[in-house]
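got a predicted structure here, sequence first:
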Amino acid sequence: MHFILMFALTAFQAGASDPFSVQAELQGLYDEISQATFQFATDLDIDEFHDVVYAPDWTLVDASGQRRTWPQVREQAVQALAQPLPNAIWQRIQKLTLAPAGATATVESIVERTIVDADGHYGKKGASHSITETTMFRDNWVNAGDHWKFKSREQLGQPKTLVDKPTY
């Protein structure tokens, strides 16, 4: 009986750190984060979502190396409520590394939007264009017992922009 109990405990612990299971769970959270962007109507919506998915001390490091805290990034998120929504957002895990209390994911973030080119940057003034911006990030997650919390995000280089070209 003792052997069976130890085997079950070992199997449970191995499952908790199984890279495939963790990647599937975190990919689900990335999908939820992306889709939640389309649901936010007020700053309260943003705050409530942040409280559930993100660690209280979440930080962002941009491509220039500037570190921003959640209150600084929150202001940008609230301002974005007044902007047109993107057509689509995808965040795909490219690599996952497990640690004893968390995980680090390299993530490709793709945002597709339609713009009206008022200044003629991409051709005729006033023409509509599909803009696809791809940015790489290194994200840290902490295991908070029965769920994951998004701890930090670091931008890896400048975004790559495609104009009027599909991402596939």
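Received the coordinates, thanks. Numbering: from 1, shown residues only.

isn't A36 right up against H50?
No. When contacts are counted by CB atoms under 8 Å, A36 is not listed as touching H50 (9.9 Å). C-beta: built from backbone N, CA, C; applies to glycine.

how about the helices in this protein?
Using DSSP state H, the helices of the chain run over 2-16, 19-36, 43-53, 70-80.

I'd like the ones you listed laid out as CSV, including mean pLDDT and distance to L98.
CSV is the format used below for the helices of the chain (pLDDT from 0 to 100; distance: least, CB to CB, whole Å):
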stretch, mean pLDDT, distance to L98
helix 2-16, 37, 10
helix 19-36, 97, 6
helix 43-53, 97, 19
helix 70-80, 95, 25
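
nearest to the spatial middle of the chain, which residue is it?
Y30 (5.1 Å; CA atoms, centre = their mean).

setting aside sequence neighbours, what's the nearest residue to A63?
Nearest residue to A63 in three dimensions, chain neighbours excluded: Q155, at 4.5 Å (CB to CB, 6 or more residues apart in numbering).

same check, this time on P86
P86 sits nearest to R113 (CB to CB, 6+ apart), 4.3 Å away.

what pairs with that neighbour across the strands?
Using DSSP bridges, the bridge partners assigned to R113 are I131.

neighbours of it, how many?
Here the number of neighbours of R113 (other CB atoms under 10 Å) works out to 16.
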